[in-house]
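Participant: Here is my input; please provide its structure:
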Amino acid sequence: MAGQWASEADYRVYRVVVSGKSSEMDVRWHYYLLADKHGHRAVFAFTAEARLAEQLGKADRPLVDSFRFIEPKVASNNGK
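Facilitator: Okay, here's the model as predicted:
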């Protein structure tokens, strides 16, 4: 399953959900890539046991949607 949308901060959000098997259990991975208009990127990865994935629901979305890139501070030349 995959999708994309614009976040509240106007970042492009790409989401991919992958189901598979780890060494001991069925697992579902939720991957997010966030990108702003300046080329900054951030990645989130959530892992849940497949049988518990329904309980996770969309609980990962508020964390992803609340993410903000921090603007770098420019050093001043006034010696302070």
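
Participant: can you map out the helices along the chain?
Facilitator: 53-56, 60-66 (DSSP state H).

Participant: Throw those into JSON lines and include distance to V43, mean pLDDT and mean neighbour count, thanks.
Facilitator: For glycine as for every other residue, the C-beta is placed from the backbone atoms N, C-alpha and C. Converted to JSON lines, the helices of the chain look like this (distance: least, C-beta to C-beta, whole Å; pLDDT from 0 to 100; neighbours: other C-beta atoms under 10 Å):
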{"stretch": "helix 53-56", "distance to V43": "18", "mean pLDDT": "82", "mean neighbour count": "12"}
{"stretch": "helix 60-66", "distance to V43": "10", "mean pLDDT": "92", "mean neighbour count": "13"}
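
Participant: which one of these lies closest to K37?
Facilitator: Of all the helices of the chain, it is helix 60-66 that lies closest to K37, at 17.2 Å by C-beta to C-beta.

Participant: Name the residues that touch that closest one?
Facilitator: 7-8, 13, 30, 32, 34, 44, 46 (C-beta atoms under 8 Å, 6 or more residues apart in numbering).

Participant: at 10 Å what do you get?
Facilitator: Helix 60-66 is contacted from outside by 5, 7-9, 11, 13, 15, 30, 32, 34, 42, 44-46, 48, 58, using C-beta atoms under 10 Å, 6 or more residues apart in numbering.

Participant: farthest pair in these?
Facilitator: A9 and A48 (25.3 Å).

Participant: Tell me which of the two has more neighbours.
Facilitator: A48 (16 against 13; other C-beta atoms under 10 Å).

Participant: Quick one: residues contacting the residue nearest to that one when sequence neighbours are not counted.
Facilitator: Distance criterion C-beta to C-beta, 6 or more residues apart in numbering; nearest residue to A48, sequence neighbours excluded, is L56 at 4.9 Å. By C-beta under 10 Å, 6+ apart, the residues touching L56 are 28, 30, 46-49.

Participant: for the protein, what spans make up the strands?
Facilitator: Counting by DSSP state E, one finds strands in the chain at the ranges 2-6, 12-21, 26-35, 41-49.
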